[in-house]
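Peer 1: what follows is a predicted protein model with its sequence.
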Amino acid sequence: MLLKRLTEANGVSGNEKEVRDIIISEIKDYCTSLRVDRLGNIIAYKGGKPNSKKIMVTAHMDEVGLMVRDIDSSGLIKFLPVGGIDKRILVSKTVLIGKDRIPGVIGAKPIHLQKRNEWSNALDIKELYIDIGAKSKEDAEKYVSIGDYIAFDSQYVEFGDRLVKAKALDNRVGCAILIDLIKKVEDVSFYAVFTVMEELGLVGAGPAAYAVDPDISIILEGTLCYDMPKVDSHQIPTYIGKGPAISLVDRTTVYNRKLRERVVAVAEKENIPYQFRKTSMGGNDSGKIHIAREGSLTTTISVPCRNIHSAVSVASLEDYENTYKLVEAVLTDLNEEGYDELQ
Amino acid sequence: MSNLEFLRSLSNHKGISGYEDSLNELIISHFEKYADEITTDKLGNIIALKKGCSPDKDPDKDRVKILIAAHMDEIGLMVKDIEENGFLRFTNVGGIDPRTILGQEVIVHGKKELFGVIGAKPPHLQEPEEQKKAIKMEDMAIDIGLPYEKVKELVSIGDPITIKRQLIELKNDRYAGKALDDRAGVVSIYECIKELKNLSHEADVYFVATVQEEVSMAGALTATYKINPDIGIAVDVGFGTTPELDKADTLELGKGPGITLGGNIHPGLRKKLVETAKEYNIPHQMEITVGPTGTDARAMQITREGVPSLVLSIPLRYMHTSVEVVDMDDIRNTGKLLAFFIKEISKDILEGLLCY
């Protein structure tokens, strides 16, 4: 299954090769043109009915992770976060280091030897390290080098009522949907762009948007979901199971209102469930895309992901399918008529 | 089965304190090949007896009784409440640092095995100060991905929960997993009973996989009462050396079992144990606990009229996390040392060893 392959591939920001290779192998027979730019973005074009306006659909390929920073004399590995990670989710977990996927564990001090209430304070990332079973620095250096990328060790698991647990659902859900669009949408012309290093500050998106110079962009994402019990509904950014989340505003973009209303109208017309993304926190590639060159219209449509940026992200397959349906319908709608009305 | 495959099965298996019975088949099937009798007692301890043989081959003669215990229970969680959206609230069984369970995959042992995750708040929604504080267990919830009605059908308050973890191979014959405290000990006593097949020994040896060590040592108390041994030996795990710990408090991985010194330990027996290790060239380290140890030996020592006891500790890093690390050499050497020690014990020398 595509989402399983994509989430189990490791593509920590700056090291997207495994993911890029899968995507290229999936789409190469379905697009009109395909190239990898100098940053590692994939820029593909799918030719359909002629369209006076350029539509671009994007998804970032990278995921948050860690990087080897140092190896101590006993062979334990110190690391840095790559992208936004809550250090508290790292304790007592397994990771895979480098190309050879060397397994390691992030341990913690035994509770027996802790001072009273030591466990009420979070462990700092500098206090954590990875144990690969090495007996010395020299021994560890046989397997691991400074600068190696480290990914969460997490398998794709389907559970509950059509939910999925995996790492990197942000944003392999977007990648998988975009791959499917390239394969299945026949009569719409659009650019499909898979970007690098979104998690490090939207690095790949700007140059890619500059190159494509789109009129309208749809950014596909896996987004925040925190639908904990007993939380006021206005504090819940998205819910699992309530359909694709349409962005209003985030830290990087105030989304074009007319385009957003158009997306909503399509969802209503096609009877696809949707929700608004009710937080202004977080951001995505739209931040760079809507201001590239002379600027363009953007909308972000996302699959809600619980425990985002952790090894145990959770998404709903139903939301995923509905996101695909909505984006496909929006593409068709935009291609047919009325782009000028959006201006 | 090899020690490694036994360790893998044990580690991957479920069995929190008080709910160890699902381990019975696995453990009994390993020990029955080498034991003369296997029984389970009222609390669920598994007791495998390997009979000794006195030099004059008289089966009716009183023999020394040695009890060797390794606890089979593991720390875990338990369902406390079901929220309206189907999330589960939980409490801990045994000593758990709440920081080690955030973002963890779990199995809820309800009417069927249910996969779940202990969720975390997205960093994007956090205040910078928030990340300095650990999240309390009561603020965490388990997501099993089902609506309330379905959850009510499958899950009951009191259902045990274990961390989902498969044993991982690290470098240098070291392995990481959950519940290696003290299933590594169970494998060590398995190594010992296998080794005894090749050695003649006078003592009757009772190998006990004990229950509930992590909460009350109830299993060790009742098993010791029942067996009434001359010598009680607890095989447990000791704190492995890591940078944040004082070197003096820890055991180095790969350098053999820790032999405990202190009030819980009979000095004469301990002296014999160290001599045995030296004689057979088995690597070992010393470990100090001045008073009662955090092992089954604490219970053995004060059972009935008192039992002379010993503790052997397998070095283990990151105790009570789901990524505990052990070295297979240490497990093997612990088993060997036990076997050679048993071989040395006879009715004739016991009195001398126990004499103050």
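Peer 2: Nice, thanks for sending it over. Residues are numbered from 1 along each chain as shown, chains lettered A, B, ... in the order given.
Peer 1: give me the neighbour count for whichever residue of chain B sits closest to chain A.
Peer 2: Evaluated by CB to the nearest CB, chain B has B:Gly145 as its residue closest to chain A, separated by 1.9 Å. Bear in mind the C-beta positions are built from the backbone N, C-alpha and C, glycine included. If you count neighbours by other CB atoms under 10 Å in any protein chain shown, B:Gly145 ends up with 25.
Peer 1: go on, B:Gly263?
Peer 2: As a burial measure, B:Gly263 scores 11 neighbours (other CB under 10 Å).
Peer 1: same thing with B:Leu67?
Peer 2: For B:Leu67, the neighbour count with other CB under 10 Å is 28.
Peer 1: now it: which helix or strand?
Peer 2: Assessed by DSSP states H and E, B:Leu67 sits inside strand B:65-71.
Peer 1: pick out the residue of the stretch 101-250 of chain A closest to chain B.
Peer 2: Closest residue of the stretch 101-250 of chain A to chain B, CB to the nearest CB: A:Gly160 (1.9 Å).
Peer 1: so which helix or strand takes in the residue nearest to that residue when sequence neighbours are not counted?
Peer 2: Excluding its sequence neighbours, the residue lying closest to A:Gly160 (CB to CB, 6 or more residues apart in numbering or on different chains) is B:Gly145, at 1.9 Å. Assigned by DSSP H and E, B:Gly145 belongs to neither a helix nor a strand.
Peer 1: quick revisit: mind giving me the packing neighbours of the strand holding B:Leu67?
Peer 2: For strand B:65-71, the elements it packs on are helix B:180-196, strand B:204-210, helix B:218-227, strand B:231-239, helix B:296-301, judged by 3 or more CB pairs under 8 Å, 6 or more residues apart in numbering or on different chains; DSSP states H and E.
Peer 1: before we move on, back to that, the residue of chain B closest to chain A and A:Val157 touch, don't they?
Peer 2: No. Assessed by CB atoms under 8 Å, B:Gly145 is found out of contact with A:Val157, at 10.0 Å.
Peer 1: so what sits against both of these two?
Peer 2: B:Phe115 (CB atoms under 8 Å, 6 or more residues apart in numbering or on different chains).
Peer 1: quick one on the thing from earlier: residues in contact with the residue of chain B closest to chain A?
Peer 2: Counted by CB under 8 Å, 6+ apart, B:Gly145 has contacts A:Phe159, A:Gly160, A:Asp161, A:Arg162, A:Leu163, A:Val314, B:Gly86, B:Phe115, B:Gly116.
Peer 1: name the nearest residue to the fifth one, sequence neighbours excluded.
Peer 2: This means A:Leu163. Per CB to CB, 6+ apart, closest to A:Leu163 is B:Gly145, 3.7 Å.
Peer 1: separation between the one you found and A:Leu317?
Peer 2: B:Gly145 is 11 Å from A:Leu317, where distance means CB to CB, to the nearest Å.
Peer 1: who touches both of these two?
Peer 2: By CB under 8 Å, 6+ apart, B:Gly145 and A:Leu317 have these common neighbours: A:Arg162, A:Leu163.
Peer 1: list the buried residues for stretch B:331-342?
Peer 2: B:Ile331, B:Arg332, B:Asn333, B:Thr334, B:Gly335, B:Lys336, B:Leu337, B:Leu338, B:Ala339, B:Phe340, B:Phe341, B:Ile342 (16 or more other CB atoms under 10 Å in any protein chain shown).
Peer 1: hmm, I was thinking of stretch B:247-265
Peer 2: Buried-residue list, stretch B:247-265, by 16+ other CB under 10 Å: B:250-261, B:264-265.
Peer 1: same check on stretch A:283-301?
Peer 2: Those would be A:283-290, A:292, A:296-301, for stretch A:283-301 by 16+ other CB under 10 Å.
Peer 1: repeat that for stretch B:69-81.
Peer 2: Neighbour-count burial for stretch B:69-81, counted by 16+ other CB under 10 Å, picks out B:Ala69, B:Ala70, B:His71, B:Met72, B:Asp73, B:Glu74, B:Ile75, B:Gly76, B:Leu77, B:Met78, B:Val79.
Peer 1: now do that stretch: distance to the chain's middle.
Peer 2: Put simply, stretch B:69-81 sits 11 Å off its chain's centre (CA atoms, centre = their mean, to the nearest Å).
Peer 1: C-alpha coordinates for it, CSV please?
Peer 2: Coordinates of each C-alpha in stretch B:69-81 appear next as CSV, following Å, rounded to 0.1, in the frame of the first residue of the first chain:
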residue,chain,number,x,y,z
ALA,B,69,13.6,-17.0,41.7
ALA,B,70,13.3,-14.7,38.8
HIS,B,71,10.1,-12.7,38.5
MET,B,72,8.0,-12.9,35.4
ASP,B,73,5.8,-10.0,35.9
GLU,B,74,6.3,-6.6,34.2
ILE,B,75,5.3,-3.1,35.0
GLY,B,76,2.4,-1.8,33.0
LEU,B,77,-0.8,0.2,32.9
MET,B,78,-4.4,-0.4,33.7
VAL,B,79,-7.7,1.1,32.3
LYS,B,80,-9.2,3.6,34.8
ASP,B,81,-11.9,5.3,32.9
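Peer 1: can you tell me the average pLDDT over it?
Peer 2: The pLDDT scores in stretch B:69-81 average 98.
Peer 1: note down every partner strand of the strand holding B:Leu67 and its orientation.
Peer 2: Its sheet considered, strand B:65-71 pairs with strand B:204-210 (parallel), strand B:231-239 (parallel) by DSSP bridges.
Peer 1: convert the C-alpha atoms of the longest one to PDB, please.
Peer 2: Spelled out, that is strand B:231-239. The C-alpha coordinates for strand B:231-239 follow below in PDB (Å, rounded to 0.1, in the frame of the first residue of the first chain):
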ATOM      1  CA  ILE B 231      19.100 -21.100  50.400                       C
ATOM      2  CA  GLY B 232      17.100 -18.500  48.500                       C
ATOM      3  CA  ILE B 233      18.600 -16.800  45.500                       C
ATOM      4  CA  ALA B 234      16.900 -14.000  43.600                       C
ATOM      5  CA  VAL B 235      18.000 -13.400  40.100                       C
ATOM      6  CA  ASP B 236      17.000  -9.900  39.100                       C
ATOM      7  CA  VAL B 237      18.400  -7.000  37.100                       C
ATOM      8  CA  GLY B 238      20.800  -4.300  38.300                       C
ATOM      9  CA  PHE B 239      21.300  -0.700  37.100                       C
END
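Peer 1: low-confidence ranges, chain A, go.
Peer 2: A:337-340, A:343 (pLDDT under 70).
Peer 1: again, but for chain B
Peer 2: For chain B, no range has pLDDT under 70.
Peer 1: against A:Leu334, how distant is the most centrally placed residue in it?
Peer 2: Residue closest to the average C-alpha location in chain B (CA atoms, centre = their mean): B:Asp182, at 1.8 Å. Using CB to CB, B:Asp182 is found at 63 Å from A:Leu334.
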